[in-house]
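A.B. asks: below are the sequence and a predicted model for it; my questions follow.
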Amino acid sequence: MKKTITKAFLTTIPVMMGYIVLGIAFGMLLESKGFGVFYSFIMSVFIYAGSMQFVAIDLLATSASFLSGIMMTLLINARHIVYGLSMIQKFKKMGQLKPYMIFSLTDETYSLLVSPIPENVDEKKYMFFISFFDQCYWILGSVLGSLIGAVIQINTTGMDFAMTALFVVIVLEQFLSCEKHFYTYFGFGMSLISLFLFGANQFIIPSLLGMIFGLLLIYKGGYKNV
């Protein structure tokens, strides 16, 4: 058990470095809009969707409708449908932990869960602690950011770009650590096609839909190891 927890912690260190910094940025932005540490903590515990939480700051600040919040969340987090398809078999083994594993499947956590499992560890507990540690890092960063923002007044312009920067780092790390790159090329290809067809302001949703349906066809066709 101790070895499994230690391995999971060491594996999540890169995410820890990013999540604490990003969480601080989120907490400070939220604080700058007049929402204190309680909001940071509750959102990070029960929503736990990094990019959506940044968007939620503006939704809260502008008193957006409940329907708008639902639609934005659905569209922004639609990529998790793709993640979920590839985790079906792994999560079947998780038993009572399965609901939490589904809830806590962020971009960065996904990249760690699809990596090879270290030898001599309990796979089920290893996967759980990776997910759990990652959320703890995010909660810690969010709370720290709110506390810092309440004490120190800092210009928060550009802080929301930190999430994009972390995505780039995670993709590069995953690309370099894996031998097969079909899905990476497929995702980039679909994004470029959508960018060309729909333009910079409207390509995200078409590219996500293209990835979802494309991967569904690949999965149903039995091409799981490409």
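C.D. replies: Perfect, thanks for sending it.
A.B. asks: can you get me a residue count around Phe46?
C.D. replies: When neighbours are defined as other C-beta atoms under 10 Å, Phe46 has 8 of them. For glycine as for every other residue, the C-beta is placed from the backbone atoms N, C-alpha and C.
A.B. asks: ah, wrong one, I meant Gly34
C.D. replies: Other residues close to Gly34 by other C-beta under 10 Å number 9.
A.B. asks: against Ser146, how distant is it?
C.D. replies: 11 Å (C-beta to C-beta, to the nearest Å).
A.B. asks: same question for Gln89.
C.D. replies: Taking C-beta to C-beta as the measure, Gln89 falls 39 Å from Ser146.
A.B. asks: neighbour count winner among these two?
C.D. replies: Legend: neighbour count by other C-beta under 10 Å for Gln89 and Ser146, higher for Ser146 (27 against 8).
A.B. asks: quick one, grab the pLDDT at the more buried one.
C.D. replies: Here, the pLDDT recorded for Ser146 equals 93.
A.B. asks: let me know the secondary structure of it.
C.D. replies: Three-state call for Ser146 (DSSP: H, G, I helix; E, B strand; the rest coil): helix.
A.B. asks: quick one, what contacts it?
C.D. replies: 27-28, 30-31, 36-37, 39-41 (C-beta atoms under 8 Å, 6 or more residues apart in numbering).
A.B. asks: helices of this structure, start to end?
C.D. replies: When secondary structure is read from DSSP state H, the chain shows helices at 2-32, 37-46, 50-61, 66-76, 79-92, 98-103, 107-113, 123-151, 161-177, 182-198, 204-220.
A.B. asks: for the ones you listed, which one ends up most surrounded?
C.D. replies: Most buried of these by mean neighbour count (mean count of other C-beta atoms under 10 Å) is helix 107-113; its value is a mean of 22.
A.B. asks: packing partners of that helix?
C.D. replies: helix 2-32, helix 79-92, helix 123-151, helix 161-177 (3 or more C-beta pairs under 8 Å, 6 or more residues apart in numbering; DSSP states H and E).
A.B. asks: what's the second one packed up against?
C.D. replies: Applying 3+ C-beta pairs under 8 Å, 6+ apart, we find helix 79-92 packed against helix 98-103, helix 107-113, helix 204-220.
A.B. asks: show me the contacts for Gly145.
C.D. replies: Neighbour list for Gly145: 23-31, 40 [criterion: C-beta under 8 Å, 6+ apart].
A.B. asks: do Leu144 as well
C.D. replies: So Leu144 contacts 20, 23-24, 27 (C-beta under 8 Å, 6+ apart).
A.B. asks: I'd like the residues you listed as TSV, with distance to Ser111 appended.
C.D. replies: Listed next are the contacts of Leu144 as TSV, based on distance: C-beta to C-beta, whole Å:
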residue	distance to Ser111
Ile20	17
Gly23	18
Ile24	21
Gly27	24
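A.B. asks: can you convert the residues you listed into a markdown table and add a column each for distance to Tyr185 and pLDDT?
C.D. replies: Listed next are the contacts of Leu144 as a markdown table, based on distance: C-beta to C-beta, whole Å; pLDDT from 0 to 100:
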| residue | distance to Tyr185 | pLDDT |
| --- | --- | --- |
| Ile20 | 32 | 92 |
| Gly23 | 32 | 90 |
| Ile24 | 34 | 90 |
| Gly27 | 36 | 91 |
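A.B. asks: just name the closest of those residues to Lys125, please.
C.D. replies: Ile20 (23.5 Å; C-beta to C-beta).
A.B. asks: which stretch in the helices and strands packed on helix 107-113 has the least confidence?
C.D. replies: Of all the helices and strands packed on helix 107-113, the minimum mean pLDDT falls on helix 161-177 (a mean of 70).
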